[in-house]
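**Student:** The following comprises the amino acid sequence and a computationally predicted model.
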Amino acid sequence: MNTLEHVSEQIKTLRTNAKLTQDALASELKVATNTISRWETGTYKPDLEDLDKLAKFFKVSILQFFPGQDPSVKPELQALLRAAGNLSSHDLEELKHFAEYRQARYLHGKVKSPKRIRE
């Protein structure tokens, strides 16, 4: 399954699980109803900002729209976790959203992936 097919499937699944019509979702996201239809059929690929709106609306990780992405924490992120340990729930949610959005930018092709620093 390619990325566009995966995105289409995810949008349709999230919408139907929420028992929303395409029209209702379009209204919530302030887009045309046919835009939702085109996303779900794979005619159009949602841009990164649209994926962000969808993720926020459905309260899921934006990485859910990218096949093969595991939004779980990796061991090398322990320092970030220690630094974030005393943040409020709201600040933690904002930090999580920021990190997921940055990753989605690379996956969406908006920016080139940074070179990893060699140890």
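**Tutor:** Yep, that arrived.
**Student:** Select the longest helix from the protein.
**Tutor:** Counting residues, the longest helix found in the chain (DSSP state H) is helix 89-108.
**Student:** May I see the buried residues of it?
**Tutor:** Residues of helix 89-108 classed as buried: 99-101, 103-104, 107-108 (neighbour count, 16 or more other CB atoms under 10 Å). Just so you know, the C-beta spots here come from the backbone N, C-alpha and C atoms, and that holds for glycine as well.
**Student:** Could you do stretch 16-35 as well?
**Tutor:** Applying a neighbour-count criterion of 16+ other CB under 10 Å, one finds 20, 22, 25-26, 29, 31, 35 buried in stretch 16-35.
**Student:** gap between the two ends of it?
**Tutor:** Looking at stretch 16-35, the gap from its leading to its trailing residue is 16 Å under the measure CA to CA, to the nearest Å.
**Student:** which outside residues touch it?
**Tutor:** Contact partners of stretch 16-35, identified using CB atoms under 8 Å, 6 or more residues apart in numbering, comprise 15, 36-37, 40, 44, 50, 53-54, 57-58.
**Student:** Could you identify the most distant pair in these?
**Tutor:** Pairwise distances across these peak at 18.6 Å for 44 and 58 (criterion: CB to CB).
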